[in-house]
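Chemist: Turn this into a structure:
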Amino acid sequence: MGNNNAGCLSIFFPFLKLFAKNSVEKEVFPYAKRDDFLSPAELSFYKVLRQAIGEKIMICPKVGLKDIFFVKSKDRSIYMTYHNKIDRKHVDFLLCRFDTLEPICGIELDDSSHQKKARVERDTFVDEVFNVAQLPLLRFKHERSYVFTDVKEKLYSILNVKDINGNNAGKENITEEGIPLCPKCGIPMVKRIVSRGENKGKEFYGCSNFPKCRQIKEFVKG
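Modeler: Predicted structure coming up:
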């Protein structure tokens, strides 16, 4: 009997040692909180920007382009190619509607590094992304401090001309079958039915890229 117990212990002893080792050792993560989330120039600009736009617009610093834009193509190859182009790029500040967080305007602070060839190419690409997506992008020269009136004057035209209610005017396009094309994505919309609320049961067209695109059209029976 004693020999059998000894044999069992000899079999399980290596596993007991491994368990004991894992229970004692704990992975130590080498992370610490940064104290310089914004540089002095960025922080100075943020404070002036906060004064210039008031409380109805939210300021989001350092936002990734992939969180602002999406690839509207359904082709997987095209999607991955163009998603990867914006995956590791960000904009210094993003202005959003306070109630819905819908993007209104992007802001970049350009220092001397933006004169380098690689940076110029990067900036040209980012400018085109904002342009194609019809989202304004303002560029300010990187300074140690900023003048309130200068910042407000440059923002004024954007914040007053831009339709922050999300209304899109223009000619409506439809397919041969009479299905409307999404004005943002240019693809056929999908018929949906309101599932709750006072409009429950009502039919409407919604973009097939929902929720990334929330464009809707009223469904009119022929």
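
Chemist: is it true that K85 touches F125?
Modeler: Yes. Counting by C-beta atoms under 8 Å, K85 does reach F125; the two are 7.2 Å apart. Every C-beta, even on glycine, is put in place using the N, C-alpha and C of the backbone.

Chemist: What ranges in the protein fall below the confidence cut-off?
Modeler: 1-24, 160-172, 176, 220-222 (pLDDT under 70).

Chemist: Residue ranges of each domain in it, please.
Modeler: 40-161, 168-222 (automatic domain parsing).

Chemist: Grab the nearest non-local neighbour of L155.
Modeler: A52 (5.7 Å; C-beta to C-beta, 6 or more residues apart in numbering).

Chemist: quick one: N84 from G64, how far?
Modeler: From N84 across to G64, the span is 13 Å (C-beta to C-beta, to the nearest Å).

Chemist: Who has more neighbours out of these two?
Modeler: Between N84 and G64, counted using other C-beta atoms under 10 Å, the more crowded position is G64 (14 against 11).

Chemist: got the contact list for that one?
Modeler: G64 makes contacts with I86, D87, R88, K89, H90, as judged by C-beta atoms under 8 Å, 6 or more residues apart in numbering.

Chemist: and the residue nearest to C185 when sequence neighbours are not counted, helix, strand or coil?
Modeler: The shortest distance from C185 to any non-neighbouring residue, by C-beta to C-beta, 6+ apart, is to K72 (4.1 Å). The assignment at K72 comes out as coil when based on DSSP: H, G, I helix; E, B strand; the rest coil.

Chemist: Quick check: phi and psi on the residue nearest the centre of the chain?
Modeler: Nearest to the mean C-alpha position of the chain, by C-alpha atoms, centre = their mean, lies D67 at 1.6 Å. With angles defined as degrees, to the nearest 10, D67 sits at phi -90, psi -10.

Chemist: from memory the residue nearest to C185 sits against F210, does it?
Modeler: No. The pair K72 / F210 is not scored as a contact, 11.9 Å apart, by C-beta under 8 Å.

Chemist: Those two - which one has more neighbours?
Modeler: K72 (19 against 14).

Chemist: dump the residue contacts of the more buried one.
Modeler: Neighbour list for K72: K184, C185, G186, I187, N209, C213 [criterion: C-beta under 8 Å, 6+ apart].

Chemist: Skipping adjacent residues, who's closest to V63 in space?
Modeler: Spatial nearest neighbour of V63, excluding adjacent residues (C-beta to C-beta, 6+ apart): L94 at 4.3 Å.
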